[in-house]
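What follows is a predicted protein model with its sequence.
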Amino acid sequence: MYCVRKVTDNLYWVGANEHRLELFENIHPIPKGVSYNSYLLLDKQTVLFDTVDWAVCRQFLENVEHVLAGRTLDYLVINHLEPDHGASIEEIILRYPKVKIISNEKAFMMMRQFAFPIDGRIEEVKEGDTKSFGKHTVTFVAAPMVHWPEVMVTFDTTNGVLFSADAFGSFGALDGKLFNDEVNFDRDWIDDARRYYTNIVGKYGPHVQSLLKKASGIDIKIICPLHGPVWRSDLGYFIDKYDKWSRYEPEEKGVVIVYASMYGNTESAATALATKLVEQGVTNVSMYDASKTHVSTLISETFRVSHVVLASVTYNLGIYPPMHNYLMDMKALNLQNRTIAIVENGSWACKSGTLMQEFLENEMKKMTVLDDRLTLNSAMNEDKLPDMDTLVDSIIESMK
Ligand SMILES: Cc1cc2nc3c(=O)[nH]c(=O)nc-3n(C[C@H](O)[C@H](O)[C@H](O)COP(=O)(O)O)c2cc1C
C-alpha cells in the first residue's frame, strides 16, 4: 500500500520508514527507527529529490508510482549520494528509463564508483546554477562535507522549500507524522536529533557553519531533510541548535558524569559527587556508565552540556577501554570547548587521570581541565571527602 504525504502545493513526501534496522551506519543504535525521505514535485516536468535506502525501496517505488499517477518521471535530483539515499537510483532508472539525473561532478563520479548506469542521462550542475521545471525554479547550493564531499542542497525559489540533504535530519521513524508541528519535537525528538547530528555530521562543524551562512541569505519557508520531520514552522529553533552544535557551543550549563568502573567503587564516588553538586544547586546533572551506554549517546550528551566529569579506573596502566573509546570518539568528532573535571582510581599504580588529562590537552582543542583532580586508591573513603569537596567547588566556580 502506498503511503505518501503532501508537503505543499505539488510537492509530496514519498519516503519510507525503517523499523527493523538495529544500527544506523552499522554503528549507531536506532531504537525508534529512522525515516528515509524523498520528495516528488509535480510541475510541468516531474522531479524526484533523492531516493531511499535499499531496505525500503519497495515502499518507495509504490509511493512514487502513486503520486505520478501515470505520468513519467522526468528528473531525479541527487543532493546526497550516500547509499541510505542513493541506493535506489538504479531501480528508478530501470522503472523510468527516460529520467535525467541532475547532480554535481563529485556525485556523478561516485555514482560511477557504485556502478549505477547513469551514462547518457546526466545533467551536471554546480554552485549557483538554476533550473526551471515549469512553474518552479530551483538553485543548487554546494554543501561539501555536510556529511560527504558531494553534498549539495537545492532551494526552490518559487515556494521557499529547501531540500537540505542530511542537514536538519533526525533519527526516528515518522510513523504517519511528517511536520515538526505534528510532533512534540522538544520532548520526543531532540535527543535523537542531537545524537544524529553530533555523531553523523559533528566532525564537520565549520562546513555546517558555511552552509548556515549561505542559508541565512535566502528566504527559507520549509526545510525538507533526508531524515526525520519536515520543518514548516519555528525554523529558528532548529537552526539555532545547528548553529550551537556546529560551533561546538554547549546548549546548556550542566554536568554530565561519565564513569568507568569494574567493581562499583568509582561509580559510588561518581554518585557522591553528583549528589554534592545537586545539593549545591547544580541540578542539571546526568550520569552515564561508559560500559553500558552506547558511545553515540555519550557523544550527544557531551555536545549538550558545558561541563563533563570523567571518572575512570586505571586498567593495566591505561585508561579503561570504554572510557578510552569515548575519548577517541570525542576527538574524532572534533568536540571542543568544554570544561572537564577528572576523577581517577587505581589500586597500585594510578595512571588514568594523567592519561586522560594528557589526551584532552594534547590531542583535543580548547578543552579546559580543572586543576583539582580527585584521586582514589581503590575506593572513595572519608579521608578523600575534602578533595571531593574541592573538586565540587571548582566545578561550580567554573560554571559561573
Ligand atoms: C584487570 C584490572 C586491571 C587493573 N589495572 C590497574 C593498574 O594498572 N593500576 C592500578 O592502580 N589499578 C589497576 N586496577 C584497579 C582499578 O583501577 C580499580 O582501582 C579497582 O578496580 C577498583 O575500582 P572499581 O571498583 O571502580 O572497579 C586494575 C583492575 C583490574 C580488574
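Thanks, I have the structure now.

Strand partners (parallel or antiparallel) of the biggest strand by length in the chain?
The longest strand of the chain (DSSP state E) is strand 305-315. Here strand 305-315 is paired, per DSSP bridges, with strand 252-260 (parallel), strand 318-319 (antiparallel), strand 338-345 (parallel).

Work out the gap between the helix or strand just after the first one and the centre of the chain.
What that stands for is strand 252-260. Tracing the chain past strand 252-260, the next element assigned as helix or strand by DSSP states H and E is helix 265-279. Centroid separation for helix 265-279 versus its chain: 30 Å, with C-alpha atoms, centre = their mean, to the nearest Å.

pLDDT averaged over helix 265-279, what's the number?
Taken as a whole, helix 265-279 has an average pLDDT of 98.

got the buried residues for it?
Of all the residues in helix 265-279, those buried under the rule 16 or more other C-beta atoms under 10 Å are 265-267, 269-271, 273-274, 276-277. No exception for glycine: its C-beta is placed from N, CA and C like everyone else's.

try stretch 355-367
Result for stretch 355-367 [16+ other C-beta under 10 Å]: buried residues 355-357, 359-360, 364, 367.

Closest one of these to the ligand?
residue 355 (10.8 Å; C-beta to the nearest ligand atom).

Phi first, then psi, for that closest one.
Phi and psi for residue 355, reported as degrees, to the nearest 10, are phi -70, psi -40.

residues touching it, list them.
Contacts for residue 355 (C-beta atoms under 8 Å, 6 or more residues apart in numbering) come out as 318-319.

Please enumerate the helices of this structure.
57-68, 83-86, 89-95, 105-113, 190-196, 205-216, 235-246, 265-279, 295-304, 321-332, 352-358, 385-398 (DSSP state H).

Do me a favour and average the pLDDT over stretch 190-198.
98.

Put the alpha carbons of that stretch into PDB.
Output in PDB follows, covering the C-alpha atoms of stretch 190-198 (Å, rounded to 0.1, in the frame of the first residue of the first chain):
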ATOM      1  CA  ILE A 190      15.500  16.500  20.200                       C
ATOM      2  CA  ASP A 191      17.700  13.800  21.900                       C
ATOM      3  CA  ASP A 192      17.600  11.700  18.700                       C
ATOM      4  CA  ALA A 193      18.100  14.700  16.500                       C
ATOM      5  CA  ARG A 194      21.200  15.700  18.600                       C
ATOM      6  CA  ARG A 195      22.500  12.200  18.500                       C
ATOM      7  CA  TYR A 196      22.100  12.100  14.800                       C
ATOM      8  CA  TYR A 197      23.800  15.500  14.200                       C
ATOM      9  CA  THR A 198      26.700  15.000  16.700                       C
END
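
List of residues touching that stretch?
28, 32, 169-172, 185, 227-228, 238, 241-242, 245, 296-297, 299-300, 303-304, 333.

Run the chain-centre distance for it.
With C-alpha atoms, centre = their mean, you get 5 Å for stretch 190-198.

Likewise for stretch 45-65?
In terms of C-alpha atoms, centre = their mean, the centre of stretch 45-65 is set 23 Å apart from its chain centre.

List the contacts of the closest residue to the ligand within the stretch 201-350 of the chain.
Residue nearest to the ligand within the stretch 201-350 of the chain (C-beta to the nearest ligand atom): residue 346, separated by 2.6 Å. By C-beta under 8 Å, 6+ apart, residue 346 lies in contact with 313-314, 352, 375-378.

Just the buried residues out of the residues you listed, in PyMOL syntax.
Restricted to buried positions by 16+ other C-beta under 10 Å, the PyMOL selection for the contacts of residue 346 reads:
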select buried, resi 313+314+352+376
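
quick revisit: ok, of the buried residues of stretch 355-367, which one's closest to residue 78?
Within the buried residues of stretch 355-367, proximity to residue 78 (C-beta to C-beta) peaks at residue 364, which comes in at 35.3 Å.

excluding its backbone neighbours, what's nearest the closest one?
residue 331 (5.3 Å; C-beta to C-beta, 6 or more residues apart in numbering).

ditto for residue 303
residue 198 (4.4 Å).

cool, and residue 388?
residue 374 (5.6 Å).

same check, this time on residue 395
Nearest one to residue 395, counting by C-beta to C-beta, 6+ apart, is residue 341 at 5.3 Å.

Count the neighbours of that neighbour for me.
25 (other C-beta atoms under 10 Å).

could you measure residue 102 against residue 264, distance?
58 Å (C-beta to C-beta, to the nearest Å).

who has more neighbours, those two?
residue 102 (24 against 11).

list the contacts for that one?
Here residue 102 is in contact with 75-78, 122-123, 125, 131, 140 (C-beta under 8 Å, 6+ apart).

and the ligand, which of those reach it?
Checking the contacts of residue 102 against the ligand by C-beta under 6 Å from any ligand atom, not one of them is in range.

And these, which is closest to the ligand?
Top of the list for closeness to the ligand, among the contacts of residue 102 and by C-beta to the nearest ligand atom, is residue 78 at 50.2 Å.

Now that closest one. Its backbone dihedrals?
phi -110, psi 110.

quick one on the thing from earlier: and the residue nearest to residue 364, how many neighbours does it have?
Neighbours around residue 331, by other C-beta under 10 Å: 17.

Do I have it right that it meets residue 363?
Yes - the pair residue 331 and residue 363 qualifies as a contact (C-beta atoms under 8 Å) at a distance of 5.4 Å.

joint contacts of those two?
Joint contacts of residue 331 and residue 363 (C-beta under 8 Å, 6+ apart) do not exist.

roughly how far apart are the residue minimising distance to the centre of the chain and residue 212?
For the chain, the residue nearest the mean C-alpha position is residue 197 (1.5 Å; C-alpha atoms, centre = their mean). Distance from residue 197 to residue 212, counting by C-beta to C-beta: 13 Å.

any common contacting residues for these two?
With C-beta under 8 Å, 6+ apart as the test, residue 197 and residue 212 both reach residue 242.
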